[in-house]
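Colleague: Curious how this folds, go ahead:
(chains A and B)
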Amino acid sequence: MKSTKRSVAFATVGVLALAACGSSAKSTTAGTAAAGTAAAGTPTFNIPKVPTLDKLGAGEGALDIVVWAGYAEDGTNDPKVDWVKPFEKKTGCVVAAKTAGTSDEMVSLIQSGGYDGLSASGDASLRLIVGGDVAPVNTALVPSYTNIQDFLKNRPWNSANGQMYGIPHGWGANVLMYNKSVVTTAPDSWSAVFDPASPYKGKITAYDSPIYIADAALYLSKTKPKLKITNPYALDQAQFDASVALLKAQKPLIGEYWSDYTKYQQAVTSGSIVLGTSWQVIQNALTAQHPPVEVASVIPKEGATGWSDTWMVASKAKHPNCMYMWMDWIASGPINEQVASYFGEAPASKGACTDADGKTLCADYHADDKAYSDSIHFWTTPTKTCLDGRGDVCVPYASWVQAWDAIKG
Amino acid sequence: MTPQDSGGVQRGSVARLARFFDRHPRLRLASFLSGPGAWLIVAYLGSLVLMLLTSLYGLNDFTGKVDRSRTTLENYRQVISTNGPYLAKIVRTIGIAAGVTVIDIVMALPLAFFIAKVLSPRWRRFGIVAVLMPLWASYIVKGYAWRTLLDPAGGVFRKTFHVSPGFGQTGLIMLLAYLWLPYMVLPIVAGLERLPDSLLAASADLGGRNIRTLRSIVLPLLVPAIAAGSIFTFSLSLGDYIAVGLVGGTTSVIGSVVNSNISTNLPFAAAMAAASIVVVGAYLTGARRLGAFDNL
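Modeller: This next block holds a predicted model:
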């Protein structure tokens, strides 16, 4: 008797599962390359055709966006920090912002649908472009775009096949931060975090994301030139294996990996971490807190990786007009300055550097320094099609994630 | 008012329904269970099965999305591959869960004995509340509190004892043992309450001293209760991914792998989750043999 009841239960579950499977069967989208010429050395991608908005109509009255914490402040955290409510008053688009913690979360949310756009970092944007989840942006409909720093336009993380896919927002570098009272000689090389004989063993940190493999590749591009690494995000198997080996050798030096910057701040304050990769905003928070921690940061001689964020429009957006209005608003000089100042990053708009506060902001973050920006290798999604144009020999991001698991042991 | 005939039988649709169910007791049982049953089968088991089915798919190399056009066992091959890191993580997680279980048994036994046998019935209630009180605090709050305790540079342990386990596997086991202790204490208290005091008296009469009584009488009778408590400590530790991020340092467990893969490689995360289901399933079979299911 018991066995028949059990088989009935399993049969019910099986039928339900099969029914669900049948309805969700999807065929992979065949790609047709978007029209346009690609710059020399960059690959041409097979991107599914997604329609672009060609005329800006009236606002739809609502906007659903996925954002990094601090990008869509509406006064609830600090009554003086609010650029959402003025936008709502001006355009009538009521903003509903969903905060995400990582690029991977953002990609998941956009792919599931229900959102009009997001603030994508470079390691999410290319995935979304190639997956057909975001639409090409008609920059003629965004007046603020003309005032964006030229060196942020048509870059590998925000464009494909010669077409822009978003409006640049702001950028920053992953700097080498150190506690001045413990690390008395200022480091000038990433060897400080890779040296097996480091005196700070066990008190070093690294960014807890597979994209950190690019930092190892960047270091190897200067210290092991035989590997011929030119782009830390375009690694063939041999270059990739060497980078992973370096990180496995680094693991005994690491006290904790970080992804939550408040936890990182606390670890540096207590002294369990004294040295490692960091963001300018964390350094500012540490020197501004009570009591302050004397930290400093450098961009080592090998260069640094970084992140450049872009506002993108979802291909399934229900309120595309409001999304375009939002992008125009937040990329405009004064608002861009407000956001960059609050978050702690270099603003993308030239208009953010005009007034007195803006001049300080732009100087602090090197916002109009093209050479500084060029020294930064911004996060971008590694794809099988090499980003330096070598063809389909590179290691895709999914393998980076699994390699990261192997590195963590 | 429902009309009644001379025989006292009521008419009306409710009455008809009641008579119908009276004649078909199996259908009556089925209708009671349909709500919770639907929850169990559709929401819980159904979603588990869908997750396991997802683990049979791969990813499209270019878009990175799940490729549902064909099934593959590649994810499982990667999980059990001796060249890969995942087997080591699974073994490590089992070790951590086992360590937490043993520590909790050792801590819970004297505590439960005190509550069940030494305290008067009035104070017993307070004792149980005292054991349960940490559960009122949020998990994250307790995690951060332990982070402050374990901090190797300036934490409470370091400042008081000049030595600290630091952030790592030891710290992780300590935090998990602390978190799940109430779940181990309560089944043992229940098991001890079922133990008649006359048995302890009889053992003393027969010449058994405390240790002998504990070893030969009490512990064997408590094995089902201990097994029941261990189900909580083992399975909760096996699946945990938050505690390892707070105090685990660079430790990586099954939960960390699932968490880091879930948005980029859902099928692989599902395969890892399936591995933990297998481990817990084996553990539950063992616990059932020890009589745990009668003591939950």
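Colleague: Could you list the low-pLDDT ranges of the chain?
Modeller: All of this refers to chain A. Within chain A, the ranges that satisfy pLDDT under 70 run A:1-43.
Colleague: my question was about chain B
Modeller: Residues of chain B that meet the cut-off, pLDDT under 70, sit at B:1-10, B:61-63.
Colleague: So in it, which helix runs the longest?
Modeller: helix B:86-113 (DSSP state H).
Colleague: where's the residue in the stretch 151-300 of chain A positioned nearest to chain B relative to A:Asn174, distance?
Modeller: For the stretch 151-300 of chain A and chain B, the shortest gap (C-beta to the nearest C-beta) falls at A:Gly271, measuring 3.5 Å. For every residue, glycine as well, the C-beta is placed using N, CA and C. For A:Gly271, the distance to A:Asn174 (C-beta to C-beta, to the nearest Å) stands at 22 Å.
Colleague: more neighbours, the two?
Modeller: Of the pair A:Gly271 and A:Asn174, A:Asn174 is the one with more neighbours under other C-beta atoms under 10 Å in any protein chain shown, namely 26 against 17.
Colleague: part of a strand, is the more buried one?
Modeller: Yes: counting by DSSP: H, G, I helix; E, B strand; the rest coil, one finds A:Asn174 located in a strand.
Colleague: Dig out what it forms beta bridges with.
Modeller: Bridge pairing for A:Asn174 (DSSP bridges) gives the partners A:Trp279.
Colleague: so it touches A:Asp215, yeah?
Modeller: Yes: counting by C-beta atoms under 8 Å, A:Asn174 does reach A:Asp215; the two are 7.0 Å apart.
Colleague: Only the C-alpha atoms, please, for stretch A:81-97, written as PDB.
Modeller: What follows is stretch A:81-97, C-alpha atoms only, in PDB (Å, rounded to 0.1, in the frame of the first residue of the first chain):
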ATOM      1  CA  VAL A  81      20.700  63.900  -1.400                       C
ATOM      2  CA  ASP A  82      17.900  63.600  -3.900                       C
ATOM      3  CA  TRP A  83      17.900  63.700  -7.600                       C
ATOM      4  CA  VAL A  84      15.000  61.300  -8.100                       C
ATOM      5  CA  LYS A  85      12.100  63.500  -6.900                       C
ATOM      6  CA  PRO A  86      13.200  66.500  -9.100                       C
ATOM      7  CA  PHE A  87      13.200  64.100 -12.000                       C
ATOM      8  CA  GLU A  88       9.800  62.800 -11.200                       C
ATOM      9  CA  LYS A  89       8.400  66.400 -11.000                       C
ATOM     10  CA  LYS A  90      10.000  67.400 -14.300                       C
ATOM     11  CA  THR A  91       9.000  64.400 -16.400                       C
ATOM     12  CA  GLY A  92       6.100  62.800 -14.500                       C
ATOM     13  CA  CYS A  93       7.900  59.400 -14.600                       C
ATOM     14  CA  VAL A  94       7.500  57.800 -11.200                       C
ATOM     15  CA  VAL A  95      10.800  56.000 -10.400                       C
ATOM     16  CA  ALA A  96      10.900  52.500  -8.800                       C
ATOM     17  CA  ALA A  97      14.600  51.700  -8.300                       C
END
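Colleague: Give the buried residues for it.
Modeller: Neighbour counts over stretch A:81-97 (16 or more other C-beta atoms under 10 Å in any protein chain shown) mark A:Val81, A:Asp82, A:Trp83, A:Val84, A:Phe87, A:Glu88, A:Thr91, A:Cys93, A:Val94, A:Val95, A:Ala97 as buried.
Colleague: and A:Lys201, helix, strand or coil?
Modeller: Per three-state DSSP, A:Lys201 ends up coil.
Colleague: what do you get for the one 4 residues further on?
Modeller: Three-state assignment for A:Thr205 (three-state DSSP): strand.
Colleague: Let me see the contact set for A:Gly306.
Modeller: Taking C-beta atoms under 8 Å, 6 or more residues apart in numbering or on different chains, we find A:Gly306 in contact with A:Trp171, A:Gly172, A:Ala173, A:Asn174, A:Ile376, A:His377, A:Phe378, A:Trp379.
Colleague: Kindly report the same for A:Ala398.
Modeller: B:Leu59, B:Asp61, B:Gly64, B:Thr264, B:Asn265.
Colleague: quick one, phi/psi of it?
Modeller: A:Ala398 adopts backbone torsions of phi -60, psi -40, taken as degrees, to the nearest 10.
Colleague: and A:Pro382, how far is that from A:Ser399?
Modeller: From A:Pro382 over to A:Ser399 (counting by C-beta to C-beta), the distance is 8 Å.
Colleague: before we move on, what about B:Met174?
Modeller: 35 Å.
Colleague: re earlier: please enumerate the shared neighbours of A:Asn174 and A:Asp215.
Modeller: A:Tyr207, A:Thr277, A:Ala304, A:Thr305.
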